[in-house]
Each structure stands twice: as structure tokens, then as C-alpha cells.
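> Any chance you could fold what I've pasted below:
(chains A, B, C and D)
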There are 2 protein chains.
Amino acid sequence: MSDQSKIPQATAKRLPLYYRFINNLHIQGKLRVSSKELSDAVKVDSATIRRDFSYFGALGKKGYGYNVEYLLEFFRKTLDQDESTPVALIGVGNLGTAFLNYNFMKNNNTKIEMAFDADAGKVGTEVGGVPIYHIDQLEDKLHDVGAAILTVPLSEAQTITERLIDSGVTGILNFTPARITVPEGVRVHHIDLAVELQSLIYFMKHYPLDNEDDAEEE
Amino acid sequence: MSDQSKIPQATAKRLPLYYRFINNLHIQGKLRVSSKELSDAVKVDSATIRRDFSYFGALGKKGYGYNVEYLLEFFRKTLDQDESTPVALIGVGNLGTAFLNYNFMKNNNTKIEMAFDADAGKVGTEVGGVPIYHIDQLEDKLHDVGAAILTVPLSEAQTITERLIDSGVTGILNFTPARITVPEGVRVHHIDLAVELQSLIYFMKHYPLDNEDDAEEE
DNA sequence: TAATGTTTGTTAAACAATTCACGACATTAA
DNA sequence: TTAATGTCGTGAATTGTTTAACAAACATTA
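The predicted model follows:
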């Protein structure tokens, strides 16, 4: 939507990672950092880091490196982390609970505002400081929520997806094994635990000794 | 390691996904499937599917499509799913519990054999049919386990990683926010929940209406 | 048996991402 | 001031991935 639309997707996926590690450096009181040091920390080639940063202009100084505070401030703005984005979580099972307890606020302003579940025993309680509503109230409560984390059982995935979209959600982080169908304009990122595990094992067996990263990745 | 070493990594990451959907088709009693149908189900371009399959030779028939049973058998062999790969899980918190309850056996032979935790209250119990041992017993119990799922707190990540590697683990699915350091020859796939969420939101804000996938994703 | 329609496998082109390698400048030390 | 060192930013080369498009092969129908 903004001026940074020409940034490669691969780069965009690494930005939150950079952000967190720069934040760590800042907390540690470090004043400057080189692409090489950062590379050791985040396990991304230093040339790739320099290239990634350069899409945003000249953030560093030759012969010096990057100023940690400046970099941090820049990333905060770039990742829109001053303006908190409301997120809802659907399905407070084991995985959903894990997510709610994960302290997203520690390093960034992405916040889960509310959660939904079908279990009456959970409704009305809080998990990780997030209130849980009944799934029937989805349409009533989902105001201004743009993104949703989907941690419901497989059988519910598509139905809930459609209700989310009708309520204005345009981004879904899908942890169910279903490959949900959505209209144009809705972004879905799939994270499939079984696939991740099988994929790791396949790589172990078929790709010899080499140091790689990621998963999602894809 | 094997004869399929020249298969693109992007393709390798999709194989488990294909496998599961082909299995679904088989259960539904479907006898044949075209790349187009499969494309609708898994949300991967049909040309990409044909290209992916073709790395393994001619699996389909022109004018007909792919025989579901044949495809399923082929993938089972290819993904080494006849020979179950032992996996251990470290850290039976919310996320770890979610993993143990996830029924990996349903569609494939990847099995979590054992889990470890530091909490004496959990040791000796079972979650999802998987026995939980004390973390002190890691070195004693980890025989023939090649892969580990790491769902421990951030502060423990690197220490546990080193113990795992000393015990012969060569693949780690890392759910902690730490970018762990490992020697050559050990494969690590990182899945960072905070990064995934932030990345989704960044894409929503900066990349206009288009239908994409993944997270790892690479 | 011939005509028609379907779908693969693959060639070539387009697109995307990574990595190399080096000029330019900053910093530090002498 | 000068020399030595460190580090960025980037053009070019490389590598990796996706997509379009189509001939060839097969299935189906009449």
C-alpha cells in the first residue's frame, strides 16, 4: 500500500527478525553494529543483510556500521509498530493458549485483543490477559480487527474463515492443516505443524550437511 | 543423501503437503486426480505441481491425470514414511502440549517418541500417548532420535541445543525466538510465532490485494 | 475407427533472491 | 598527515523458482 511496495517479499519476511535483534542490542546498550555481527546473531548472510537494509536507503555508514538507536527507530516506524494492530485469536485449545501466553508486547506492539472459543467453560475467563468470548459473538465483537490467528479444529476452519472475512478480517495466520479458500484481497499465511516436521525430516535425509534456515518459507 | 538431491528445496517443502492431500483423496475413494484439481485443494499453481512431480519422473498419464493410489504409494516411499523417524520433543509447555496432542500418526509415520521437561509434576505422565521424562535424563534416553522439536523457554534454547547435538540429533525444529547456533551438518528450521504474526501484518499493510501463501516459506 | 477433448511433461522465458566483489568513505593509530 | 583497516552500498553475476504455452499422448465418444 505504501511507498515500500517494491521491497522483495523475502526481505519483508526478515524485517521482524531484524527488528527484534536490533532491539536486543539496544537493550544490551550496544551503540553500533556491523552487518557481520548481525549476521552471526540472526543467521542471515551479511551481504543479504546489507542488501535488505539498502532497500530503505542508506541506513549505515561506510567504515563504521549501523547506529543501533537509529536503526531501531527506523524499523519501529517501518514496521508500523507505533500504531498497534488489533488481532483476534480463534480457538483457545493448546495451541491457542500457547499463543495467548506468548508475550507479544515484550518487543513489539502487535497485540492479541480478544479470543473466541466454543467451550462455555472458557468463555468469560482470560488467558494471558486476553478476554475469551463465545464463538457465537464473533460478529458482534470483531470491530476494527484486521487480522486473525486461526487455531481451531480442521473441521471448523473453512466455516470460521468465511465468518471472519464477512466481519472484515483481511489477514489470517492459519495453523490448521486446511488450505482455506479466501476471496481476492485476503492474505493467508499457512503454518502447518505436521508439514514442518515432515519437511525437516525430508531435508535431513536428502540434503547433505549444510547450514540452512527457515520454514515457511516458504 | 540419496538420488533425489537435485530436487529444488521449494519443491521439497511442498512434498508433505501433497502427500497429505493425496491421502485425503484416497480416503475419499477418488481414483484419479488432475494437476488442476490438486491445485484448487492445496493452493499451488497447477504448472508448479506438474513441474514438482516431474522431478521424480513421469508419474501421470497424459489426457488422464494421476492415479491416486500410485501417487500415494510413490510419495509414501519418497518421504520415507514406511520407516518411521523417531522424534523427541523438549519442553512440555503450552506449545509442546499442543504438539503432543496433534495426531501426527493420522496421516504419516512421523512419530514423537518421547518428551522432556524440567517440571517434576509432569515427569512420569503421558501427554497424547507420549511419555515425559525429566530433562536430566536427556542423554540417557535419546537413543536413535535424529530430530527434536524445541519448545523450551528462550533462556534454555542454546544450552539444550548443545546437549541435543551431543546426543546425536541432526535436525531441530526450533519454536523458540532464539536463533540457535549449531555446527555444520545440523539442520535447523526456525518457526518464530512473533515473527510470523508481524510478518503477516506487514504484508497486509504493504502488499496490495493478491493471493499468496506460506510463511516459512521459506 | 476417427474425431474430439483432456492433461501431462517440458522447453523457454520471466521473475525473484542471493552472493560476489569492489569502489568509496570513515575511523583509528602512528 | 598519512597509512592501514573496516565497512557500507551496489552493479553484475549467479543461482533458484515460477509461469506460460504447447506438442505429444492418451482417453472418450460416437
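> quick one: low-confidence ranges for chain A?
A:1-5, A:81-82, A:103-109, A:208-218 (pLDDT under 70).
> Swap in 50 and give it another go.
For chain A, the stretches flagged by pLDDT under 50 are A:1-2, A:212-218.
> Domains of it: list them as residue ranges, please.
According to automatic domain parsing, chain A comprises the domains A:9-77, A:86-194.
> touching DNA strand D at all, the longest helix along chain A?
Longest helix in chain A, counting residues (DSSP state H): helix A:9-27. No - Helix A:9-27 does not reach DNA strand D (Cβ under 7 Å from any atom of the strand); its nearest approach is 9.9 Å. The way it works is simple: take the backbone N, C-alpha and C, and place the C-beta from them, glycine included.
> Do the following helix or strand past that helix and chain B come into contact?
Next helix or strand after helix A:9-27 toward the C-terminus (DSSP states H and E): strand A:32-33. No - counting by Cβ under 8 Å from any Cβ of the partner chain, chain B has no neighbours in strand A:32-33; the shortest distance is 14.8 Å.
> got the residues of chain A near DNA strand C?
Selection of chain A residues close to DNA strand C by Cβ under 7 Å from any atom of the strand yields A:8-11, A:45, A:47-48, A:50-51, A:61-64.
> wait, which of those is closest to residue A:118?
residue A:9 (35.1 Å; Cβ to Cβ).
> hang on, the closest one packs against residue B:206?
No - Residue A:9 lies out of contact with residue B:206 (Cβ atoms under 8 Å); the separation is 9.9 Å.
> which of those two has more neighbours?
residue B:206 (20 against 16; other Cβ atoms under 10 Å in any protein chain shown).
> Phi, psi for the more buried one please.
phi -110, psi -20 (degrees, to the nearest 10).
> Show the contacting residues for residue A:91.
A:116-117, A:150-153, A:156, A:160 (Cβ atoms under 8 Å, 6 or more residues apart in numbering or on different chains).
> Same list (these) but as TSV, adding distance to residue A:181, neighbour count and secondary structure.
Shown next, in TSV, are the contacts of residue A:91 (distance: Cβ to Cβ, whole Å; neighbours: other Cβ atoms under 10 Å in any protein chain shown; DSSP: H, G, I helix; E, B strand; the rest coil):
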residue	distance to residue A:181	neighbour count	secondary structure
A:116	21	27	strand
A:117	23	23	strand
A:150	13	26	strand
A:151	19	25	coil
A:152	15	26	coil
A:153	17	13	coil
A:156	14	17	helix
A:160	13	22	helix
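> what two of those are the furthest from one another?
Spatial extent of the contacts of residue A:91 (Cβ to Cβ) is set by the pair A:116 and A:153 at 13.4 Å.
> Which positions in chain A make contact with DNA strand D?
A:34-36, A:46-47, A:50-51, A:53-54, A:58-66.
> 6 Å instead?
Contact residues (Cβ under 6 Å from any atom of the strand) of chain A with DNA strand D: A:34-36, A:47, A:50-51, A:53-54, A:58-66.
> Return the members of the residues you listed classed as buried.
A:35, A:50, A:53, A:59-60, A:65-66 (16 or more other Cβ atoms under 10 Å in any protein chain shown).
> Sitting in strands, which of the residues you listed do you find?
residue A:66 (DSSP state E).
> Can you tell me which of the buried ones among the residues of chain A next to DNA strand D is closest to DNA strand C?
Distances from DNA strand C to these, taken as Cβ to the nearest atom of the strand, are shortest for residue A:50 (6.7 Å).
> how about that closest one, what does it touch?
Here residue A:50 is in contact with A:35, A:60 (Cβ under 8 Å, 6+ apart).
> Ok, the one 5 residues further on next?
With Cβ under 8 Å, 6+ apart as the criterion, the residues that contact residue A:55 are A:4, A:6-8, A:11.
> how would you label whatever residue of chain A ends up closest to DNA strand D: helix, strand or coil?
In chain A, the residue that lies nearest DNA strand D is residue A:63 (2.0 Å; Cβ to the nearest atom of the strand). Per DSSP: H, G, I helix; E, B strand; the rest coil, the secondary structure class of residue A:63 is coil.
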